[in-house]
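>>> Sequence plus predicted model, see below.
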Amino acid sequence: MTLQRTKSQKVLRFLGNNTVPILFLVICAFGIPLSGYSTNYLVSEVVVRIARNSFLIVSLLIPILAGMGLNFGMTLGAMAGQIGLIFISDWGIVGIPGMLLAMIISTPISIALGLWCGKILNMAKGREMVTSYIIGFFMNGIYQLVVLYGMGSIIPIRSSALVLPRGYGIRNTVNLIGIRKSLDNVLTIKLFGVPIPLVTFAVIALLCIFVLWFKKTKLGQDMRSVGQDMEVARAAGIKVEHTRIVSIVISTVFAGYGMILYLQNIGTLNTYNSHMQIGMFSVAALLVGGATVSKANIRNVFLGVILFHLMFIVSPMAGKNLIGQAQLGEYFRVFVSYGVITISLVLYEVRKKRDRGDAGQLLAAEQGEAE
Amino acid sequence: MNEKEAPLLEMRHISKDFFGNQVLSDVNFTLKRGEILGLVGENGAGKSTLMKILFGMDEIHQTGGYGGDILLNGEKVAFATSIEALAAGIGMVHQEFSLLPDFSATENILLNREPLKYTVFSELFGERLNILDREKMTEISEKAIKRLAVPLDPEMLVSQMPVGHKQFTEIARELSKEGTGLVEGIKLLVLDEPTAVLSEQEADSLLKAMRLLAETGIAIIFISHRLQEIIDVCDTIMVMRDGKIMKTGPSKGVAIPDIAKWMVGREVNTSAIVHRVFDYENKDIILALRNLWVDMPGEVVRNVNLDVYKGEIIGIGGMAGQGKLGIPNGAMGLFPAGGHVTFEGKDIPLNSPRNFLDAGMAFVSEDRRGVGLLLDETLEWNVSFTAMQIQEKYLKQYLGGFFKWRDQKAIEEETNGYVKQLEIRCTSTKQKAKELSGGNQQKICLAKAFAVAPKLLFVSEPTRGIDIGAKSLVLKALRKYNEEQGTTIVMISSELEELRAICDRIAIVSDGKVLGILPATTDSAEFGLLMVGQKSEMIDGGSV
């Protein structure tokens, strides 16, 4: 038996299920005219952001499939990617070979970090998100130790453009001129005056196809079952812990590749900051696309990138035109990303409670029939 | 069926104790191919333990194994794990569904046994990167469903299925194991209360499916509380009580009252408590429940109407999972509930424990350690906490009530009084609640409720998990409190004999509704009948 709903109830339900995307549509609807940007500029900016960020966000999908929520631990993968980039900058390997080598260097680091992170998350079942968030902070300390003190002293780094004047430690910013836009610029076509980096899009498309294919594999099916009910999966003989670890490892490795893709587009590495922000922004973008802690798909990724970054692009200018300060827009970005994560987490619980309330309504309705 | 061949399954002199507590003694039975054996008994009669022994569950090995022999096809077997039992062709469908809600029937039936299609990646990363062979999956699940001859859509998501279909999915899962690498052929199926959650129609088609399976030579052990089904579908009936087999015989010619009599009728050590005659004349209704529903997982209340008279002890009984526990939990507001609760003529808003307590009611939860006690606090705190919160008892007031200080002395005295009165065994009233034994913890729960001096007290499973001596003490304390303070008591218990000993009337709850109310002096067979959904002419809607 299902509950009969009136039209207004259905509308309310739709709004409740899509609060965050709708909120963002409204923000953008106000922000775009206020910013005064031309459509052409906005579209080309959004295209750049899609190419830059989607890979990172897709890396979040697989842990959600396995029921582990949003993997804030993707920061670990981002660190591994950055270490790869530091090495190739030092060795002076440029272009696509440089990127590939950076990926190859990052892979074992990502796998090791992912294994470790997955093991810890298995000890903290049900609290994966907050645990992975804190693991990110903890690992940041070790990353700083390695990059700030280890590199140039124990780990040989020769290039003076990379090492701090004191002789060891990596500079605050690393110029990635060697690989800057090397993938984006392989093949670019202009569509209505908007440059489109075809090869980057092809790589992202490949990853999406991989994710879709992955869901059809035995491993993907196992992750789905583990995500729904660990005990049932275990009773059926699925190795629950192992499956969960694998999902985190895959996510971490992809986050590393995503970070390399992201930084080749930006062109400079902010050695001590890039990775910290990226986790939060990726999670926020995915949530803006309508994903929840337990459900996310590729549509959410792209809708999220577009809406979230549209807000990013227009808010400084809108702030300037409105109040006369571009700073306000900057502040607004960070404020909004934290806000989105908070709202989504709260709404997720609220919805769960509502669905439980539905069971009660069903009981009440049954009684109405009985009388 | 060939009479000469060795029976499919024989259990000889099976016995089992959990740390000195004998739960099974000298159980003997045989089962032939294609035979359906109906296994009935009250909760705690030993049915599940017997099945766990058959399956070699961990729980049995960890608690010291069992006595006696199990023979399968004439050969002695002892399964170390349930996987071994499965390999020998024994399948089990548990009472609780073990299904994934967002998977289709097919996906659930073949969970972790999916046929795979080769992909190149599996060479590199192992078997798990082969993709699922959806066509073959559907084929296998359709074949299994066909054997049950039920209209089950293999592509339907479990979360959208009616309960009956979930049950079929579970059974189809067991059948689909046949012919795979795991099992050659399913020989024996154990169905643990498969019809408990089904509507009559669904149960009918399940029984038909069982008959079909039996005709193909599969033996079935069918555990159910619905006696009519047992009589209808089974070849043999086996009744258990207190870990012994009371009766085994062909189902032909057996009537429901006979089974009910064999099932219940256990004597409990409550002889010290005498039945009393409660005078209902001129007594007011203190509590009226109307159309109460409660969404308590596993104990759903659908539509309860019940009047409680001032000063009586009313019992609420029934099988586990039928909703009797949901009534007090919903009335107090611990689970989402709806309907009307009228106490002393006033409507009590639901879903708000504070209103419930303020009205002068109290609830001793069945979940002692979770809801009932502050485990890390002293006995004094436990006894006084609710009373202090709700009624500002044990508080000294200064400056016209602006400052409120705890009156430690009063708390101590009161707690000491209860310790003596209820014979609570503790080193001092400063001891932590978690350090007490189960029985003594229960007494602390009662003391906590008594300290509020409620007009009406809900007591849920007061004797669960405590020994016989403590049991009768708890029961006596309740009766005494009722007589001395005039407190109305609503007692919920799975143990019928316990209810019969202390209550004036007993309501039996089934499927979330009150089936009937009987005076406690009624013959226990009559209650047994009521519990399994059979009304006799003696029972009328609810009056005494």
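Arrived safely, thanks for sending.

>>> which residues touch whichever residue of the stretch 351-500 of chain B sits closest to chain A?
As assessed by C-beta to the nearest C-beta, chain A sits closest to B:Asn351 within the stretch 351-500 of chain B, at 9.6 Å. The C-beta positions use only the backbone N, C-alpha and C, and glycine is treated the same way. Residues near B:Asn351 by C-beta atoms under 8 Å, 6 or more residues apart in numbering or on different chains: B:333, B:336-337.

>>> which parts of chain B sit against chain A?
B:83, B:98-103, B:107, B:111-114, B:116, B:119, B:127-132, B:291, B:293-295, B:300-303, B:336-339 (C-beta under 8 Å from any C-beta of the partner chain).

>>> If any of those residues are buried, put those into a ChimeraX selection.
Buried residues within the residues of chain B next to chain A, by 16 or more other C-beta atoms under 10 Å in any protein chain shown, are selected in ChimeraX with:
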select /B:98,99,100,102,103,107,111,113,114,116,119,128,129,130,131,132,291,293,294,295,300,301,302,303,336,337,338,339
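
>>> In strands only, show me the residues of chain B next to chain A.
B:116, B:131-132, B:291, B:293-294, B:301-303, B:337-339 (DSSP state E).

>>> Can you add pLDDT and distance to A:Thr292 and give the contacts of B:Asn351 back as CSV?
Converted to CSV, the contacts of B:Asn351 look like this (pLDDT from 0 to 100; distance: C-beta to C-beta, whole Å):
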residue, pLDDT, distance to A:Thr292
B:Gly333, 86, 29
B:Pro336, 86, 22
B:Ala337, 87, 28
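
>>> Check whether B:Lys283 really touches B:Ile314, as I assumed.
No. The criterion here is C-beta atoms under 8 Å, and B:Lys283 misses it with B:Ile314 at 11.8 Å.

>>> list the buried ones in stretch A:15-34?
Counting neighbours by 16+ other C-beta under 10 Å, stretch A:15-34 gives A:19-21, A:23-24, A:27-28, A:31-32 as buried.

>>> As a check, name the ranges of all helices in the stretch 301-450 of chain B.
B:326-332, B:353-358, B:379-391, B:408-421, B:438-451 (DSSP state H, counting those that start in this stretch).

>>> Check the separation of the first and last residues in stretch B:315-330.
Stretch B:315-330 has an end-to-end distance of 17 Å (C-alpha to C-alpha, to the nearest Å).

>>> Ignore what I typed, I meant stretch B:116-130.
6 Å.

>>> Which one of B:Lys283 and B:Ile314 is surrounded by more residues?
B:Ile314 (23 against 13; other C-beta atoms under 10 Å in any protein chain shown).

>>> how near is that one to chain A?
Taking C-beta to the nearest C-beta, to the nearest Å as the measure, B:Ile314 falls 22 Å from chain A.

>>> shouldn't B:Phe97 be in contact with B:His165?
No. Using C-beta under 8 Å, B:Phe97 is not in contact with B:His165, being 10.7 Å away.

>>> between the two, which one's more packed in?
B:His165 (21 against 18).

>>> so what pLDDT did the more buried one get?
The per-residue pLDDT reported for B:His165 equals 85.

>>> which residues sit in contact with it?
Counted by C-beta under 8 Å, 6+ apart, B:His165 has contacts B:105, B:150, B:152, B:156.

>>> Can you name the residues that contact A:Leu121?
A:68, A:73, A:128, A:131-132, A:244, A:248.

>>> how much space between the most centrally placed residue in chain B and A:Ser59?
Nearest to the mean C-alpha position of chain B, by C-alpha atoms, centre = their mean, lies B:Ala320 at 2.8 Å. Per C-beta to C-beta, to the nearest Å, B:Ala320 is found 46 Å from A:Ser59.

>>> Mind telling me what element the closest residue to A:Thr107 other than its chain neighbours is part of?
In this structure, A:Thr107 finds its nearest non-sequential neighbour in A:Val253, 6.0 Å apart by C-beta to C-beta, 6 or more residues apart in numbering or on different chains. A:Val253 is part of helix A:240-266 when elements are defined by DSSP states H and E.

>>> Need the three-state assignment for residue 153.
Since no chain was named, I'll use chain A. When classified by DSSP: H, G, I helix; E, B strand; the rest coil, A:Ser153 comes out as coil.

>>> please go with chain B instead
coil.

>>> Let me see the contact set for it.
Contacts of B:Asp153 (C-beta under 8 Å, 6+ apart): B:Ala105.

>>> Name the SS class of A:Val174, please.
strand.

>>> Can you pull the phi and psi angles for the residue lying closest to it once chain neighbours are set aside?
Nearest residue to A:Val174, sequence neighbours excluded (C-beta to C-beta, 6+ apart): A:Leu269, at 4.1 Å. Per-residue torsions, A:Leu269: phi -110, psi 120 (degrees, to the nearest 10).

>>> what's the pLDDT at whichever residue of the stretch 51-200 of chain A sits closest to chain B?
When distances are taken as C-beta to the nearest C-beta, the stretch 51-200 of chain A reaches nearest to chain B at A:Gly67, 10.7 Å away. A:Gly67 is assigned a pLDDT of 91 by the prediction.

>>> name the element it belongs to?
Applying DSSP H and E, one finds A:Gly67 in no helix or strand.

>>> Tell me how many other residues surround it.
24.

>>> Stretch B:282-302 - what's its average pLDDT?
86.

>>> all helices for the stretch 51-200 of chain A, in order.
Counting by DSSP H, counting those that start in this stretch, the helices of the stretch 51-200 of chain A are A:61-65, A:74-91, A:95-123, A:128-144, A:198-216.

>>> Run the angle between the helix ranked longest in chain B and helix B:408-421 for me.
Ranked by residue count and defined by DSSP state H, the top helix of chain B is helix B:468-485. Interaxial angle of helix B:468-485 relative to helix B:408-421 (axes from the mean of the first three to the mean of the last three C-alpha atoms, to 10 degrees): 120 degrees.

>>> Which neighbouring elements make contact with the following helix or strand past helix B:468-485?
Proceeding C-terminally, helix B:468-485 gives way to strand B:488-492 as the next helix or strand, assigned by DSSP H and E. Here strand B:488-492 touches strand B:285-294, strand B:301-309, strand B:313-317, helix B:326-332, strand B:456-460, helix B:468-485, going by 3 or more C-beta pairs under 8 Å, 6 or more residues apart in numbering or on different chains; DSSP states H and E.

>>> where in chain B is pLDDT low?
Low-confidence segments of chain B (pLDDT under 70): B:1-5, B:20, B:43-44, B:179-184, B:196-197, B:265-274, B:465-469, B:532-544.
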